[in-house]
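*Asks:* Here is my input; please provide its structure:
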Amino acid sequence: MEKYFIDNKKVYRVSVHESVDADFYNPREYFDSPARIWSCDTKILSGDYDALSPLELAEKINLEEKSGILRNDFAEMSIKKEMELVEQYGNYIYLPVFYMSHGGTAFSSEPFGDPWDSGFAGLIYTSENDAADWYNTRDHEKIREYMRGWLKTYDLWQQGYVYGACVDLVSNLGNVLAKGFEPEFHEDVEEPVESIITDKLGDDLAREVLIDYIGFPAETKLYESLDELLKKEGASLPQKVYKVEYSVSEVREHYVLADSEEEAEKAFNDEGVSDNDPYAYCNSEMENITVA
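*Replies:* Numbering: from 1, shown residues only. Predicted coordinates:
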């Protein structure tokens, strides 16, 4: 997916693609978290190597001594009741993990409601102390919200919703307007990213990439094509086209949009033509070139 936009009187293209490093950005390995996942069926959900079962958590917090509930009686309870007691007596916070398996597997802290292809897969939990160090809160509901977000991120990752993006400068806009050339690009004017995990699509995805990950202003407008951008926002660009001559093995010409000769030479260097030829100079302003 490609979109075009204007920033500081220059035209850019943002390209979004499936991440080439998706496996590397597994949230359970790449993004640290105090939460642990315990699985009751490792064929459906892989648990963390250091995750404890409800019974192991009960033993860790000495629940039998604190509550008077015998170990054997505890082991006969439902997992929900076990974890309620672990939370009550040990200050652990948990959420159930449910799955849906239908042409792929999805995970959620809420039931999917399908009696045939969904069910209970395990738990995500953390201690109040660990969460306080990480999230700076001891509020159990806020901690649950953090864990829901983390579980959603993991679910999106394992379903393949991982994207990369790069921003390129349209490096020959003057040539496009003056000579009818096809647009060319000065690539990676911003650091490329490959770790975007999101369920957004289309324009919403492009905006999230551009604003949240790369840092362009929130009011940035996106366009499907360079032609559409020029028709709708051409008036916001410099309205003059300058011819800049430069030398490689022969004298060549390059056209840039600018408001003055000084800005024309700077624009030429910004566009990366001929490796910023230090001998480039602005020859003349071209008349009767319409941008808008």
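*Asks:* In the helix or strand encompassing His254, which residues are buried?
*Replies:* Element membership for His254 (DSSP states H and E) is strand 251-258. For strand 251-258, the neighbour count (16 or more other CB atoms under 10 Å) marks His254, Tyr255, Val256, Leu257, Ala258 as buried. C-beta here means a position set from N, CA and C on the backbone, and glycine is covered the same way.
*Asks:* Could you point out the member of these that lies closest to Arg13?
*Replies:* Of all these, Arg13 sits closest to Leu257, with 16.0 Å by CB to CB.
*Asks:* Could you find the closest non-adjacent residue to the residue most central in space within the chain?
*Replies:* What sits nearest the mean C-alpha location of the chain, by CA atoms, centre = their mean, is Ile196, with 2.5 Å. Excluding the flanking residues, the one nearest Ile196 by CB to CB, 6 or more residues apart in numbering is Tyr163, at 4.3 Å.
*Asks:* Number of residues surrounding that neighbour?
*Replies:* Each residue near Tyr163 was counted by other CB atoms under 10 Å, and the total is 23.
*Asks:* what do you get for the one 5 residues further on?
*Replies:* Here the count is done by other CB under 10 Å, and Asp168 has 19 residues near it.
*Asks:* Just list whatever residues bridge to the closest residue to it other than its chain neighbours.
*Replies:* Of all residues not flanking Asp168 in the chain, Phe185 sits nearest, at 4.0 Å (CB to CB, 6+ apart). Following DSSP bridges, Phe185 is listed with bridge partners Val170.
*Asks:* how close does the closest residue to Tyr135 other than its chain neighbours get to Leu63?
*Replies:* Once flanking residues are discounted, Tyr135 sits nearest to Tyr146: 5.4 Å by CB to CB, 6+ apart. Tyr146 sits 25 Å away from Leu63, going by CB to CB, to the nearest Å.
*Asks:* Look at those two and report which has more neighbours.
*Replies:* Legend: neighbour count by other CB under 10 Å for Tyr146 and Leu63, higher for Leu63 (22 against 18).
*Asks:* and the longest helix anywhere in the chain, what other elements does it pack with?
*Replies:* Using DSSP state H, we find that the single longest helix of the chain is helix 140-159. Packing partners of helix 140-159 (3 or more CB pairs under 8 Å, 6 or more residues apart in numbering; DSSP states H and E): helix 27-30, strand 92-101, strand 105-108, strand 118-127, helix 128-135, strand 193-197.
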